[in-house]
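A.B. asks: Output the structure for:
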Amino acid sequence: MAYGALGGGTFLVQNKILPGSYINYVSVPRAANQFSDRGYCTIGLSLDWGPVGEVIIIEAADLQTKSLEILGYNYTDDKLKPIRDIMLGAKVLYLYRINDSGGAKATAVVADNLKVTAKYNGTVGNEIMITIENDVDVEGNFIVTTLLKGKVMDKQSVKNITGLKNNGIVTFSAGSANTLSANAGTFLANGTSGTVSGSSHSKYLELIEKYDFNTIGYAGDDVSIKALYKAFTVRLRDDEGVKFQCVLYNVDKAKANFEGLINIKNKAEGDDVGALVYWVLGQEAGCSVNKSITNKKYDGEYIVNTKYKTREAKQAIIDGFLFFYEKNSQVRVLEDINSFTEFTLYKNKDFSKNQVMRVLDQRAIDIAIIFNKMYLGKVQNNRDGRIAFWNELVNHANTLIKLGAIEDYEGERDTVVEKGIEKDSVVVQDYLTPVMAMQKLYQTIWVR
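C.D. replies: Numbering: from 1, shown residues only. Predicted coordinates:
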């Protein structure tokens with residue numbers, strides 16, 4: 001539609017030649033208040049079904065409704081006990097199939113001509129059955145049904161093999177002929193699950209580095225693998241600014257000592273001694289920035305070894321272990337701490353408290369997101385640009401105050417944004433006072 005002038009559009013400076021209306025739509029600068037969500041965790045497990053070499057994303061609802069298709073087992077199966085423990089606290093699990101070496105897909109030839117291959121390698125494939133029956137509603141058609149552990153996963157009515165479409169658990173192909181014939185049921189066979197090789201954990205860590213998560217875990221007791229996970233966590237936290245915590249079982253005190261490492265003391269009864277990692281992994285990931293899991297009741301499915309004396313519990317806390325205790329037949333977390341124990345003037349005991357670390361990590365993660373998305377390469381490093389960024393920082397801190405995560409904060413006093421030595425650098429001085437949940441009561445009762 002023409003409005004009677006040749007000129008028009010937007011402008012950067014007032015240098016237009018043609019008469020007309022030059023109008024810019026500009027929002028008044030305001031803080032974005034980016035506040036990243038929690039509840040994301042990751043772990044590598046040996047699985048009997050699922051893709052190899054890629055991340056499997058599981059949400060709580062998926063575990064209950066799609067576990068058979070995704071993981072090869074029903075929700076209540078003992079094989080999924082680790083994942084059920086994780087999802088008691090987590091929202092999203094980035095799962096990696098750590099037994100990524102070798103393995104074979106189950107296969108079968110049904111009714112002489114139909115070749116069927118499991119989508120993934122693993123022993124679960126051996127529980128897939130294919131049936132073929134005449135379609136009573138469509139003359140000349142056959143109904144081909146795919147079942148897993150007796151549950152119908154797919155059903156198709158087709159005239160011949162080329163009419164079949166691959167489904168979520170098998171692929172179809174023709175043998176010597178394209179024709180179908182009735183078959184009461186044939187199981188796939190010779191599926192194997194693969195093994196964990198020396199490089200499996202390294203490949204997993206290299207892949208998962210591309211994802212954002214709050215916690216990562218390893219539930220085994222191999223000293224060299226635990227060292228690998230700690231080194232991975234230290235590198236990403238300290239060298240690359242990626243803030244998350246690593247949950248491990250029974251790392252030697254002298255080798256732990258890091259605020260990014262949560263070190264579990266208690267073992268689970270049975271063969272899977274490090275299984276408490278699963279529950280802690282989910283709980284620490286899902287714990288809000290203004291909460292703590294101190295004194296939280298363990299509601300998982302493993303039996304926790306709590307046969308410790310009081311002095312041993314005290315020593316475990318001193319040594320930086322996350323410790324479970326039992327009282328009145330209930331197992332609870334004694335204190336929500338990490339493995340950092342060698343305190344200094346510039347990094348005191350506060351850094352051993354996971355609630356404090358959640359606040360600091362939340363601040364670091366969110367401000368990095370705000371800067372990278374909205375300011376990096378987009379906003380000039382002048383007074384106005386730095387004031388806008390300062391407003392972001394203050395607004396975020398005020399949200400932390402409203403959540404009860406920090407206190408005694410004044411933007412004018414506690415957050416300073418300045419120009420760096422180089423023209424493109426910004427320097428921030430940020431003073432925060434994290435709040436912790438009550439843990440100790442000291443009461444004196446005076447009798448008059």
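
A.B. asks: got the contact list for L322?
C.D. replies: 262-265, 280, 333-338 (C-beta atoms under 8 Å, 6 or more residues apart in numbering). C-betas here are computed from N, CA, C, even on glycine.

A.B. asks: Where do the strands of the stretch 151-300 of the chain begin and end?
C.D. replies: 151-158, 170-174, 183-187, 215-217, 245-249, 261-264 (DSSP state E, counting those that start in this stretch).

A.B. asks: List just the nearest of the contacts of L322 to I43.
C.D. replies: Closest approach to I43 among the contacts of L322 (C-beta to C-beta): V280, at 11.2 Å.

A.B. asks: Just the pLDDT at the closest one, thanks.
C.D. replies: pLDDT recorded at V280 is 98.

A.B. asks: Outside of stretch 271-279 itself, list whatever touches it.
C.D. replies: By C-beta under 8 Å, 6+ apart, the list of residues contacting stretch 271-279 from outside reads 43, 82-83, 85-86, 88-89, 217-221, 247-250, 264, 266-268, 298, 300, 302, 304, 324.

A.B. asks: scratch that, stretch 237-247
C.D. replies: The contact list for stretch 237-247 (C-beta under 8 Å, 6+ apart) reads 209, 213-218, 229-230, 232-233, 236, 260-262, 264, 277, 280-281, 284, 338, 354, 357, 360-361, 364-365, 368.

A.B. asks: try stretch 324-335
C.D. replies: 265-266, 276, 293-298, 304, 306, 308, 313, 316-317, 322-323, 439.

A.B. asks: Of the contacts of stretch 271-279, keep whichever come out buried.
C.D. replies: Buried members of the contacts of stretch 271-279, counted by 16 or more other C-beta atoms under 10 Å: 43, 82-83, 85-86, 88-89, 217-220, 247-250, 264, 266-268, 298, 300, 302, 304, 324.

A.B. asks: ok so, going back, in helices, which of the contacts of stretch 237-247 appear?
C.D. replies: Per DSSP state H, helices hold the following members of those: 229-230, 232-233, 277, 280-281, 284, 354, 357, 360-361, 364-365, 368.

A.B. asks: right, and the pair among those with maximum separation?
C.D. replies: V277 and A368 (27.5 Å).

A.B. asks: The two: who's more crowded?
C.D. replies: Between V277 and A368, counted using other C-beta atoms under 10 Å, the more crowded position is V277 (27 against 16).

A.B. asks: wait, what's in contact with the residue lying closest to the more buried one once chain neighbours are set aside?
C.D. replies: Counting by C-beta to C-beta, 6 or more residues apart in numbering, the nearest residue to V277 once its immediate chain neighbours are dropped is A219, at 4.0 Å. Residues near A219 by C-beta under 8 Å, 6+ apart: 43, 82, 249, 272, 274-275, 277-278.

A.B. asks: Surely D154 touches L148?
C.D. replies: No - D154 lies out of contact with L148 (C-beta atoms under 8 Å); the separation is 9.4 Å.

A.B. asks: Tell me the residues that contact both of those two, please.
C.D. replies: Common neighbours of D154 and L148 (C-beta under 8 Å, 6+ apart) are I169.

A.B. asks: higher neighbour count, those two?
C.D. replies: With neighbours defined as other C-beta under 10 Å, D154 and L148 compare such that L148 has more, 24 against 18.

A.B. asks: partner residues bridging the more buried one?
C.D. replies: Note on L148: beta-bridge partners by DSSP bridges are I128, K151.

A.B. asks: Kindly provide the distance from it to T171.
C.D. replies: Going from L148 to T171 by C-beta to C-beta, to the nearest Å gives 14 Å.

A.B. asks: roughly how far apart are V359 and Y229?
C.D. replies: Noted for V359: a distance of 24 Å to Y229, by C-beta to C-beta.

A.B. asks: Please list all residues in contact with the spatially closest residue to A256 that is not a sequence neighbour.
C.D. replies: Leaving aside its sequence neighbours, A256 sits nearest to S339 (C-beta to C-beta, 6+ apart; 3.5 Å). The contact partners of S339, by C-beta under 8 Å, 6+ apart, come to 251, 253, 256-259, 261-263, 320-321, 352.

A.B. asks: same for the top helix by length along the chain, what does it pack against?
C.D. replies: Counting residues, the longest helix found in the chain (DSSP H) is helix 383-402. Applying 3 or more C-beta pairs under 8 Å, 6 or more residues apart in numbering; DSSP states H and E, one finds that helix 383-402 contacts helix 354-370, helix 411-414, strand 415-419, strand 426-430.

A.B. asks: so which of those is the most packed in?
C.D. replies: Of the helices and strands packed on helix 383-402, the one with the most neighbours on average (mean count of other C-beta atoms under 10 Å) is helix 354-370, at a mean of 21.

A.B. asks: Please verify my assumption that I303 contacts E269.
C.D. replies: Yes - with contacts counted by C-beta under 8 Å, I303 reaches E269, the gap being 4.0 Å.

A.B. asks: what's next to stretch 110-117, contact-wise?
C.D. replies: Applying C-beta under 8 Å, 6+ apart, the set of residues contacting stretch 110-117 from outside is 105-109, 128, 130, 132, 144, 161, 164, 170-183, 186, 188.

A.B. asks: rerun at 10 Å
C.D. replies: Applying C-beta atoms under 10 Å, 6 or more residues apart in numbering, the contact partners of stretch 110-117 are 105-109, 125, 128-132, 142, 144, 146, 160-161, 164, 166, 169-188, 191.
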